[in-house]
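For reference, the sequence and a predicted model appear below.
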Amino acid sequence: MNVADAGTVFSETVRGRLHDGVLVVTIDSPPVNATSASVRAGLLAAVEAANADAGIAALVLTGAGKIFIGGADIREFGQPAVDPILPDVISAIENSGKVVVAAINGAALGGGLEVALGAHARIAAPSASLGLPEVKLGLVPGAGGTQRLPRLIGADKALDMITSGRALKAQDALSVGLVDRIAAGTLLDEAIAFARSLTGAPPRRTGRLPVPVTDRAAFERARDAVLAKARGATAPREAARLVELSIDHLLEAGLAEERATFLKLRDSEEAAALRHLFFAERNAGKVEGLEATPLPLTTIGIAGLGLMGSGIAAACLSAGYGVVGYETSDAAAEAGHARVAAIIEKAVSLGKLSRAAADEQIARLTASSDLAALKAADMVIEAVFDDFDVKSDLFRKLDAILPEGTLLATNTSYLDPDKLAVVTQRPDRILGLHFFSPANLMRLLEVVRCGKTSDVTLATGLAFARKIGKLPVVTGVCEGFIGNRIFSAYRAEAERLLAEGAYPQEIDEALEAYGFAMGLFAVNDMTGLEIAWARRKRAAATRDPAAFYFDVADKLCEAGRFGRKAGRGWYDYASGVRQLAPEVNAFIDDFRLRNGIASRSFTRDEIVGRLVSAMAREGQAILAEGVAQSADDIDLVLVNGYGFPSARGGPMFAVGRSTRN
């Protein structure tokens, strides 16, 4: 194939045009220029044509639009491979007799970065980002990423990038040697000039470079930290093994092992679970029939600048909103302002925020003890104590002073927002925004559609959630919404296991082996036992006396065992670390004796099976009641808000897979 100046079509998604002897190959496959079969075939055809044409001195690969190559084509997930496969395409690029320069015009992710690694040089736009996020889908890079990246940037840095899935911005990529240049002007013009400058020497083939000398002991410490953090997930462990393989093995051996590992993981339960969550996130917050246009929001009011409110404020400021905070006294308002500022300053100290950006965010924050200050807000979020009388009194006062169009949102965890809405004259402009603590860090946000919430209000809440970087999951009204209601069922089943013969440490060990970062009782100790105790005491008058009630948690609180902050809860913390508590086991034994329960032992699989099944049963009830829109939403809530291991896909997915298998 001769390449004409007028341009050549190499496939439906890849075209080429000559620029004074340099063939610019453009990938144009909206929306993300994924490495589809058409893209792979086009790239291979372009490289072969260039090498066969004496009039072409070099090639430049780039993407149309704002993305270089965004990764694999998700439409091919789970489908048989179609030739040419990506490793073969990248091999052709790397072994090209003509210089190949990757002009990275935007995101180069997964297979996109692997294509760039196969090129002989890389120049990036200032806005580019580069990463290998495969571990987030239960995979390892399958087209040379684990073998070529260490040869460019060193095994230690490659280990961090690949096992975390973290993307680098262009300037960071330049500093570690992942790209050779950042374009100061027009990317393509500079890439063409760069390619011409390289034609007088043999191409620099990434795969033939030695891995830069590594402090092996430091690398092994970093590898061991990855293994410890993986908590049963296979992909990070395998990725670490493959990066280490690159240090001592030739490229061909490393590529063969990488491909075999990729194919094995691609068909694994872990990858299926993470793909499930990937697609679930794509649909999160979508409501059938919701076509309303969100209201514009510029200023967010936050009533209550305690732990939760200050986190919400920080998230809003980070997204560019102005924030007006309210507290009941001047001293409390001043303390709240300082609390928010401290969150921002911590981001500066961690290198996540510049000094100038921090100052600009703090300048958009005001805090006042005058409720009328909230009139400036387009939406007010209450974040006060989770007590109906406190919240309803606040809503009455806000309703009386706020402009008619202002939205009101409640951050309640358990209270009925419909009952809060009826104390106002704007029930159509009331919704729930259930943040998870710390609100500036946790991704999940339950967006509660109350009985009279209008479509415009809901659409605005969803748009707000996305702007502040949250994963919005729409829920209807019930006690605890999706997450806390299922968590209550989970806790109740754990208490039944205690009554029947298990002990807290056995349950927590089983959960942690399954992939939870912390077991249930360790989590309870961390959050504190007294709040749930107060809620149980309030509910005592209406509790069914015939229903099962495990009173050991009450007895722990009566004994002053309020959790980690008290030095003792379900466990003892006198030494500063979690230790078994004989006193707690004695309380449990006494409960069995008082209730005539003969204890039995449980395997870890039995414990996990009971607990996950309890979550899924409650999830089915939530679906039947129309509280949740889908089982996928339930899985997203449990994974992102309650520590359910992502490698298991969530309780609905896990139970569904076990039933099918």
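Structure received. Numbering: from 1, shown residues only.

Ends of stretch 79-95, what's the gap?
Stretch 79-95 has its terminal residues 28 Å apart, counting by Cα to Cα, to the nearest Å.

List the buried residues of it.
Across stretch 79-95, burial judged by 16 or more other Cβ atoms under 10 Å covers 84-87, 89-94. (Each C-beta comes from the backbone N, C-alpha and C, glycine too.)

was I right about residue 511 contacting residue 520?
Yes: with contact defined as Cβ atoms under 8 Å, residue 511 counts as touching residue 520 (6.3 Å).

If you count surrounding residues, which of those two has more?
For residue 511 and residue 520, the more surrounded residue by other Cβ atoms under 10 Å is residue 511, and the numbers stand at 27 against 23.

any common contacting residues for residue 511 and residue 520?
By Cβ atoms under 8 Å, 6 or more residues apart in numbering, residue 511 and residue 520 have these common neighbours: residue 611.

Could you pull up the residues touching the most centrally placed residue in the chain?
Taking Cα atoms, centre = their mean, the centroid of the chain lies closest to residue 443, which sits 6.6 Å from it. When contacts are counted by Cβ under 8 Å, 6+ apart, residue 443 touches 469-471, 640.

For those residues, which entry has the maximal number of neighbours?
residue 470 leads the contacts of residue 443 on contacts (other Cβ under 10 Å) with 25 neighbours.

And that one, how far from residue 311?
12 Å (Cβ to Cβ, to the nearest Å).

Residue 642 now?
The value you get for residue 642 to residue 311, if Cβ to Cβ is used, is 18 Å.

Who has more neighbours out of those two?
Neighbour comparison, residue 642 and residue 311: the larger count goes to residue 311, with 24 against 20 (by other Cβ under 10 Å).

need the contact list for that one.
343, 435, 437-441 are the contacts of residue 311 under Cβ under 8 Å, 6+ apart.

Just give me the least confident of these.
Minimum pLDDT across the contacts of residue 311 is recorded for residue 437, with 90.

Skip the chain neighbours and tell me the closest residue to it.
Leaving aside its sequence neighbours, residue 437 sits nearest to residue 308 (Cβ to Cβ, 6 or more residues apart in numbering; 5.7 Å).

wouldn't the one you found be in contact with residue 434 here?
No: contact criterion Cβ under 8 Å: residue 308 and residue 434 do not qualify, at 10.2 Å.

roughly how far apart are residue 209 and residue 246?
According to Cβ to Cβ, residue 209 and residue 246 sit 11 Å apart.

who touches both of those two?
Contacts common to residue 209 and residue 246, judged by Cβ under 8 Å, 6+ apart, are residue 151.

Which one's more surrounded, those two?
It is residue 246, of residue 209 and residue 246, that has more neighbours when counted by other Cβ under 10 Å, with 26 against 13.

The more buried one: helix or strand, and which one exactly?
helix 234-248 (DSSP states H and E).

Heading C-terminal from that helix, find the next helix or strand.
helix 251-266.

now that next one: how far from the chain's centre is it?
Averaging C-alpha positions (Cα atoms, centre = their mean, to the nearest Å) puts helix 251-266 27 Å from its chain's average.

Show me the buried residues of stretch 79-95 that map onto helices.
Filtering the buried residues of stretch 79-95 for membership in helices, criterion DSSP state H, returns 86-87, 89-94.

all strands for the stretch 251-400 of the chain, in order.
299-303, 322-326, 365-368, 379-382 (DSSP state E, counting those that start in this stretch).

Figure out which of those strands is closest to residue 531.
strand 379-382 (18.0 Å; Cβ to Cβ).

in that closest one, what counts as buried?
379-382.

Show me what it is packed up against.
strand 299-303, helix 388-401, strand 407-410 (3 or more Cβ pairs under 8 Å, 6 or more residues apart in numbering; DSSP states H and E).

rerun at 6 Å
In terms of contacts (3 or more Cβ pairs under 6 Å, 6 or more residues apart in numbering; DSSP states H and E), strand 379-382 is packed against strand 299-303, strand 407-410.

still on that earlier bit, including pLDDT, could the buried residues of stretch 79-95 go into a markdown table?
Shown next, in a markdown table, are those (pLDDT from 0 to 100):
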| residue | pLDDT |
| --- | --- |
| 84 | 96 |
| 85 | 95 |
| 86 | 96 |
| 87 | 97 |
| 89 | 98 |
| 90 | 98 |
| 91 | 98 |
| 92 | 98 |
| 93 | 98 |
| 94 | 98 |
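
Can I get those residues in JSON lines including distance to residue 555?
As requested, the buried residues of stretch 79-95 are arranged in JSON lines below (distance: Cβ to Cβ, whole Å):
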{"residue": "84", "distance to residue 555": "67"}
{"residue": "85", "distance to residue 555": "62"}
{"residue": "86", "distance to residue 555": "60"}
{"residue": "87", "distance to residue 555": "62"}
{"residue": "89", "distance to residue 555": "66"}
{"residue": "90", "distance to residue 555": "63"}
{"residue": "91", "distance to residue 555": "67"}
{"residue": "92", "distance to residue 555": "70"}
{"residue": "93", "distance to residue 555": "68"}
{"residue": "94", "distance to residue 555": "67"}
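
Between the residues you listed, which sits nearest residue 487?
Closest to residue 487, out of all of the buried residues of stretch 79-95 and judged by Cβ to Cβ, is residue 86, at 41.9 Å.
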